[in-house]
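In: Sharing a sequence plus its predicted fold:
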Amino acid sequence: MTLIDNLKTIWNSISFGTKFVLFISIICYLIDYYYEEYYYTLFVNIPKKTILQYQFWRILIPQFFHGNIQNLAISLLGFLYFAIQTEKKFGSVQFFVDIFIKNLIIQIIFVAFCFGFSYLDEEMLIANSFGFWNLSFIYQMRRALNDDDETQKFLCFSLNFQQKYLPALFFLIMNFIVFPRLDLVGATIFSFVENQFFDGFSFRLSSAFQKKCENSFPFKFVSSRLDFFNIEQVDESFDSKKGTSSVEFGIISTVETKPKQEKSN
């Protein structure tokens, strides 16, 4: 098998939502590289600018900006494995909702922490939060709290550790690079709350609403793709061990499961 065939096989194994994340992140990096990190500076979450200068858009999509090629590569490769699993388990529509809502909550917590700690150190107000590090950490926490006896590679590196040790290792390394990483502190708190009370998935769409989204704009144009996971085709093999309930936009409901069906060509 040639290198091109291997690349095609890898690409075809990636789910649609994760491809979207990779594509948008790479496009943002290339544009940012051409404009000398202008858009990174414009969209990264910096609490002083986000709140005091009313630049509230900074809490919406800072995860798509990485600043340099090293952050882009490691952040996305580390995110890839967990993202694909999440999308296969819950469906592509739910995956998109999940990454945007989780990011929004973490960015709000991050801003609140920075203002709280600014009384001790004013430099907290110019701390940065960007990239998919927070989401990778949350997905690691979910697996660690449910599958702690299994082993897993650390990010994109060929080093295997037990699942339960990965979040702590990730947290320590990120804080060693930049201290303190208050966005990871916020992600840690959010992860514990989400796993304790909502089975690791707090904002769960109902099956009916997810199906409606799949047949509506913009998902109706891509829902027929083989790499798009609709509600009837989610992979139950990644179900958690708890099997409790989750929030359905403010309504407590039991988690629904359906038999997996194969897509037809």
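Out: Cool, the structure landed. Residues are numbered from 1 along each chain as shown.

In: From G116, how far off is V222?
Out: Remark: distance between V222 and G116 (Cβ to Cβ, to the nearest Å) = 41 Å. Every residue, glycine included, has its C-beta placed from N, CA and C.

In: between those two, which one's more packed in?
Out: V222 (14 against 11; other Cβ atoms under 10 Å).

In: Which residue, other than its chain neighbours, is closest to that one?
Out: Distances taken as Cβ to Cβ, 6 or more residues apart in numbering put F228 closest to V222, at 5.6 Å, once the chain neighbours are dropped.

In: Can I take it that that neighbour is in a helix?
Out: No. Applying DSSP: H, G, I helix; E, B strand; the rest coil, one finds F228 to be coil, outside a helix.

In: Please look at it and K88 and confirm they touch.
Out: No. Between F228 and K88 there is no contact under Cβ atoms under 8 Å: 11.1 Å.

In: Overlap in contacts, the two.
Out: S15 (Cβ atoms under 8 Å, 6 or more residues apart in numbering).

In: what number of residues lie near the residue nearest to V222?
Out: 20.

In: Now do the phi/psi pair for it.
Out: In terms of degrees, to the nearest 10, the main-chain angles of F228 are phi -90, psi 130.

In: so where is the stretch 1-150 of the chain shaky, pLDDT-wise?
Out: Applying pLDDT under 70 to the stretch 1-150 of the chain flags residues 1, 147-149.

In: can you give me the helices in it?
Out: Using DSSP state H, counting those that start in this stretch, the helices of the stretch 1-150 of the chain run over 3-13, 16-34, 38-43, 47, 69-90, 92-117, 133-146.

In: quick one: N195 and N146, what's the gap?
Out: Counting by Cβ to Cβ, the gap from N195 to N146 is 8 Å.
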